[in-house]
Structures are given as structure tokens and as C-alpha cells.
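S.K.: Structural data only, the sequence is not supplied:
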């Protein structure tokens, strides 16, 4: 038996105090090589002390690390919130700058350490570690995995500098080889190392997108950066200045501001790197959750399915508020899986739930709805189970109960209704959903992901979308429209030309468009597996078969399926909160029945065949959704992480020329002018008070005296990318209209401004 070190409670308290002192020293040193150490201190010290205060001894080291990380993030948010409201009472006008943030973080962290020293006198046992205890497979995986984020950074930088996708593609190929190694060596790797591997894989995928461009690149993240910028410029978080639900999310206002001040880094670094690290921890939590019900192979497959989900690969790097909330949501679910739910574990659940509520409004609303529906399911199924068994006795009360459902509702109601007053959109959405019930099955009232990525749904025609968009772009004087008709855009494709390998594949009857078919149907396959998996575990529970999943999780999964169906049926809900995003949140626990179903299906196969199928399938999905197959074959739309073209590049890529052009535009155009641009979020994210925001740039949309801003997509590729009826459209752009019809007053190699 390995020897253990015995550490007294006094030494633990002294160690925590020393850790706090070290953190303060590192903050004032402000030396780049030490910033990683400082980030680790900020990200784990308060959470470690808080776990000791609550006397929570988690079963695995990886679980302790993840909970320490999540709780430390909560302390950072709450200390910033406390500084924001308390310090102005003492005359501090900018409480969210370094002195105020550091003071309040020290007070809160010191109070937690002091309270833990007085309330917890338990001795800590630490297992002695020696280098000889580490096996060569563990050393190989640990060392090789560190290269993945490095490759992601280098690949993104190469593309940003106008280079090709060689480094990015090689990084993804290397990741695939590492997946094979880990799957084959899994029995000789600890759960902690496997959780680390899942974290690194998630971080690699996120960084390959988030690091594209030298500025903020993406859809939601540009608006998120806008509310952060407002907080940063004021040195104070004031939700009253902007009653936007985004501004109510502490994950993108106070949290990045606190990180920025304590680490002495820009907001760009926080959003493009640090918040991506936070989101990458979510798949690791999913792995920890899966390991409580599945063997290592099943847990690895389930975690990689979560990472390969299209929304995670393509959009998660642009949804930082959602990433923070998902981490708290996943940590709360792990508490539910703990069968000995004592009061301190229920307190841990409440803290994780609070973190989710403060981080993202939609995640909080879904959390409340899921819990309420799951409690109803639990009451009904509990009555069914106990109907014939009257001697079952009193069952242990868990957090999946009416009191905690009410607690979630109260936290969400108080924060978004009473404190921030940003829940008006939710009420409007629910009211419209009820009034639109007669149009339940109207395809016009559903979002793009509802129409194209759900079972039994019909696709929206690009031709119909284009025709509707063009017809609505004709407004104003008849003479203007008649002239503009000569320069109408046409539908275009953003697909890459077939590569040499793609042409060879076509010669043998394999069309690269198969990649799009597989991409579009993967979400449907997951939904089918989820539905069958939930029915499977529910059947075994009702038939009193050996438990495959906890009763609480069966109820949660039934509630998740019911809510997804409701979102599809209620048109306004599907438009205002994308179904694929909702499915991603629910997938955090729906992955449990999916994985158990796959394990059940493979029980009759030989172990080596199970491993072969799982490994090959995972690698194929990873290469498919990260864009490797697209780069190899061409003929389909590329991913932003592997190309300088395509839909997301045209819509959201923000260059240095964009930032400079918008600054010039604001300084030289009279306020109140009609100024048009395809994407004004690029201006708003650095200047929340930017005065111009009209999107129509087609000749038929802009008036004769309108200012029109054209970006890289229109100038260099003569393409126009737009979202219409929640669906993307790619069109040609009539650049040749502008020089003879309007005056060019500003231009760079990739931008132009006309009047």
C-alpha cells in the first residue's frame, strides 16, 4: 500500500494563507512568464478553500480540481459584484479597477480561508508521489497532449497572417492519432489523465476558432465584448445604462473585467483564451459524470460525442457566456449523481446553480424549466414505482425536489426581474408562443436549426429564402428600384473548389457533397439515439431491472426530451432560442442514456471489436466536423478554423482594417447620417456608443445620400453573407455598381466607404 502524508488542519490553513500571499505578490510583479501561475492561483485558491469550508471530500482528484475551478470562478464574479456595489459607498468611483477588485477578492478569499480554519479541523491525507509511479503510457499521453493547444495557436496565427491551413490541418490530424492512442491505452491511464485529455481536446477545438483574427471574431461574442467594453471603460458595471440581457450576464461583464485587472491582460486575451479554457472544462465534467455509470471506453466515446457536436465545434468559441454557464450547469448535475446527498452537497448544488443563473439568462431559464418538468416526472414515476411496493419505505430526499426547483426559480426571478430587469424579452417570447399555437406546424415560424437539423423536419429552400429577401429589399422610390434591379445579387456558393483528391473521389463516384449530408444528419442521429436511450433506461426502471441510471437522471432526461419537443412545437421559442443550442445544453446529461444504449448494443461483440468500432467512429466524426475532410476533398463550405473563406469568415471575421475604418467613419460622417454596413457589431464591440447601425448595403436598400461601408467579403471576394429568417444566405455582391453611382471617400486593400 502506498504511504500517505498526514497534514494537520493548522498546516492546511497556513498553506492556504501562504497561497493567498503568493497570489498577491504575483499580481504586483506583473511578469508575463508568471501570469500562468497567477491564473492558476486565481482559478483554484478560493474554490479549494470553499470545498474545505463545506467539508466536501470528492471521490476523485479530477472532480476536486473541476469543482475548485468552478467555485473559484463564482468567487471572482461575486467579489467583483460586491466591489461594484460596496466600494462606491466609500467614495470609489471606479470600483472594478485593480485596487477595488483586488481588495474585495482578498477580503472574500481571506474570509473563506479563515472560516474553513475554524470550522474544519480534519486532517488531510495526501498520497506520496514518485516519478517511478508514472507509467510510460501516462507520460506519453500527458506530454503529447500539451502539443495540441500549441498547434491550435500556430495554425490560427498562420491563417490570420494570410497563410494556408497546413498547420491547422496537421494539428487536427495529430489530435486524431492521439485519440487512437488514448482509446487503445485507456486501461493503463488514470481517470484524471483521461479527463485532462478530454479537456485538452475541447480546448484545442475552441482555440482554433477563437484565435482566428487579431480582433474579436464571431456572432454572439462581438455583442458580448460590447457589454464588457462598456463595463471596462466605466470601471463600473451599470445594468441601468443598457437593459440588454447580455449586460445582465456577469460571465461577460464582471468576470472578464476582474480577470483583466488581476492578470494585467487585455479583454481580447480574456475572451479569446481564458473564457475558452473555462468552456473546455465542461467536456471534462461530462467525462467525470459518465465515468460514474460507464467504463472508460464508454465515457471517452460520450465525451468526444459532446465535443464533436456541430454547435460545439463551430459556435461554442463565440458563446463565452454560455460556456461559463454550462460549466456550472454540468457541475450541478454531478452533484445530482452523488447518491449520498447530505446538506453540504445540496449547498454545493445551490452554489453551482447560482453560478449558472448569474452567467447566462437562457441557460438559467432552461435550468428552471428542466427542473420543474423533472420534478413533475419524478412525482408521477415515483407514484407508479411505489404503487405495488408499499413497503419501500422513505426514500432519501435529493436536490431534484420541489424546494430546489423553487429555489432555482427564485434565484432566476430575483436576478433577471428584480435586480437587472432584463427579463422582458422572455415574457414577450412566452406570450407570443401561446398566441401562435394555431401555427404550430408552420415552417415559416421555425428557426433554421429547427427546420434543417431536427427529425421529421423539412429543409428551407435557399431559392425561397433568396426570393423573399430580394423582394423585401425593394423599397423606396420606383426609379431607384428600377435602376438597382440591374445590379441585383444572385445566389452563390461558398464551397471550396474540389482538390486533387476530391476530383479522384468524384471519378469513382464519391461526391464531396457527402460531407454536408453527414454533417446535417449527425444531429438527427444524436436525437434519435437520445430518444431511444431515454426510452431504454425508463423501460428498465419501470420493469425494475438492474439500475442502469439513477432515478433522478431518468426524470431529467424525460424532461429534456419533453422540452425539446415543446421548443419545436412553439414557433417563437424556436426562433428566439436556437434548438441546437438547447440540445447542446441538454446533451450534457442526455449523453448518459446515449452512452448506455451504445454500451448495451455492443455487449455481444468482442472487446477488441468494440474498441475498434468506437475508436474508428470517434476519429471519423472528429475529422468530419473539425473540417479536415472538407480541406482534403474540397467541394463543400470550409470551417473558419481551417480556412480564410466561407460563411463564418464572410459574416464575422474582423480585421485590423475594419477597426480603423470604423474609427475613421465615426470621425468624418455627421451624426445622424444614414450609414450602412453588413455587420455593425464590429464597431459596437469596441465602441458601445457607436451611432450608426443600418444593415442594408444593396443598391436597392441604400438611398442616394447614404454612406455605405463595404468589408473584405464585398471588396475582395464580391460576396454578401446575410442571415434572413434565421437562415444563412450567400449571394454575389454588385461591387461594380458603386464606383459609377457613388463617391468613394475612403478605402484600404479590404474596405471601402462610399457616399
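M.R.: Cool, the structure landed. In this text, all values refer to a predicted model and were calculated from it rather than measured experimentally.
S.K.: quick one: low-confidence ranges for the stretch 301-450 of the chain?
M.R.: Confidence mapping of the stretch 301-450 of the chain against pLDDT under 70 gives the ranges 339-341, 385-396, 424-450.
S.K.: Strands along that one, start to end?
M.R.: With DSSP state E, counting those that start in this stretch, there are no strands along the stretch 301-450 of the chain.
S.K.: Kindly report the same for the chain.
M.R.: 4-7, 124-127, 675-677, 707-710, 719-724, 727-732, 744-747, 752-754 (DSSP state E).
S.K.: from what I can see residue 656 touches residue 160, true?
M.R.: No - contact criterion C-beta atoms under 8 Å: residue 656 and residue 160 do not qualify, at 10.1 Å. (C-beta placed from N, C-alpha, C; glycine too.)
S.K.: got any residues that touch both of those two?
M.R.: Shared contacts of residue 656 and residue 160 (C-beta atoms under 8 Å, 6 or more residues apart in numbering): residue 214.
S.K.: Same drill for the two, tell me which one is more crowded.
M.R.: residue 160 (17 against 12; other C-beta atoms under 10 Å).
S.K.: I'd like the strands of the chain as JSON lines, with mean neighbour count and distance to residue 38 appended.
M.R.: Below are the strands of the chain laid out as JSON lines (neighbours: other C-beta atoms under 10 Å; distance: least, C-beta to C-beta, whole Å):
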{"stretch": "strand 4-7", "mean neighbour count": "11", "distance to residue 38": "24"}
{"stretch": "strand 124-127", "mean neighbour count": "11", "distance to residue 38": "24"}
{"stretch": "strand 675-677", "mean neighbour count": "24", "distance to residue 38": "39"}
{"stretch": "strand 707-710", "mean neighbour count": "24", "distance to residue 38": "40"}
{"stretch": "strand 719-724", "mean neighbour count": "20", "distance to residue 38": "40"}
{"stretch": "strand 727-732", "mean neighbour count": "19", "distance to residue 38": "41"}
{"stretch": "strand 744-747", "mean neighbour count": "14", "distance to residue 38": "42"}
{"stretch": "strand 752-754", "mean neighbour count": "22", "distance to residue 38": "43"}
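S.K.: Quick one, which of those gets closest to residue 222.
M.R.: With distances scored as C-beta to C-beta, the stretch of the strands of the chain nearest to residue 222 is strand 675-677 (12.8 Å).
S.K.: Can you name every helix or strand that that closest one contacts?
M.R.: strand 707-710 (3 or more C-beta pairs under 8 Å, 6 or more residues apart in numbering; DSSP states H and E).
S.K.: Quick check: can you name the pairing partners of the strand it packs on and their directions?
M.R.: Under the criterion DSSP bridges, strand 707-710 sits next to strand 675-677 (parallel), strand 752-754 (antiparallel) in its sheet.
S.K.: I'd like the distance from it to the chain centre, please.
M.R.: Strand 707-710 sits 32 Å away from the centroid of its parent chain (C-alpha atoms, centre = their mean, to the nearest Å).
S.K.: That one - what's its average pLDDT?
M.R.: Averaged over strand 707-710, pLDDT sits at 90.
S.K.: start the count at 31, not 1, going forward
M.R.: Taking 31 as the first residue, the last one we looked at is strand 737-740.
S.K.: Redo the strands of the chain as CSV? Include distance to residue 313.
M.R.: What follows is these, written out as CSV (distance: least, C-beta to C-beta, whole Å):
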stretch, distance to residue 313
strand 34-37, 31
strand 154-157, 26
strand 705-707, 36
strand 737-740, 39
strand 749-754, 28
strand 757-762, 27
strand 774-777, 44
strand 782-784, 42
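S.K.: Find the least confident helix or strand in this protein, judged by mean pLDDT.
M.R.: helix 478-482 (a mean of 48; mean pLDDT, DSSP states H and E).
S.K.: related to what we said a few turns ago, looking at the strands paired with strand 737-740, which is closest to residue 755?
M.R.: Checked against C-beta to C-beta, the stretch from the strands paired with strand 737-740 lying closest is strand 705-707, at 20.5 Å.
S.K.: quick check: mean pLDDT across that closest one?
M.R.: Here the average pLDDT along strand 705-707 is 88.
S.K.: Domain-wise, how is this structure divided?
M.R.: 34-160, 164-420+430-466+544-663, 677-784 (automatic domain parsing).
S.K.: Among the ones you listed, show me which one is buried the most.
M.R.: domain 164-420+430-466+544-663 (a mean of 20; mean count of other C-beta atoms under 10 Å).
S.K.: end-to-end on that one?
M.R.: 41 Å (C-alpha to C-alpha, to the nearest Å).
S.K.: one step back: among the strands of the chain, which comes closest to residue 635?
M.R.: Nearest of the strands of the chain (C-beta to C-beta): strand 154-157, 36.8 Å.
S.K.: so what secondary structure elements neighbour the longest helix along the chain?
M.R.: Secondary structure of the chain per DSSP state H: the longest helix is helix 544-572. Counting by 3+ C-beta pairs under 8 Å, 6+ apart, the packing neighbours recorded for helix 544-572 are helix 340-344, helix 391-416, helix 581-599, helix 609-631, helix 637-655, helix 658-663.
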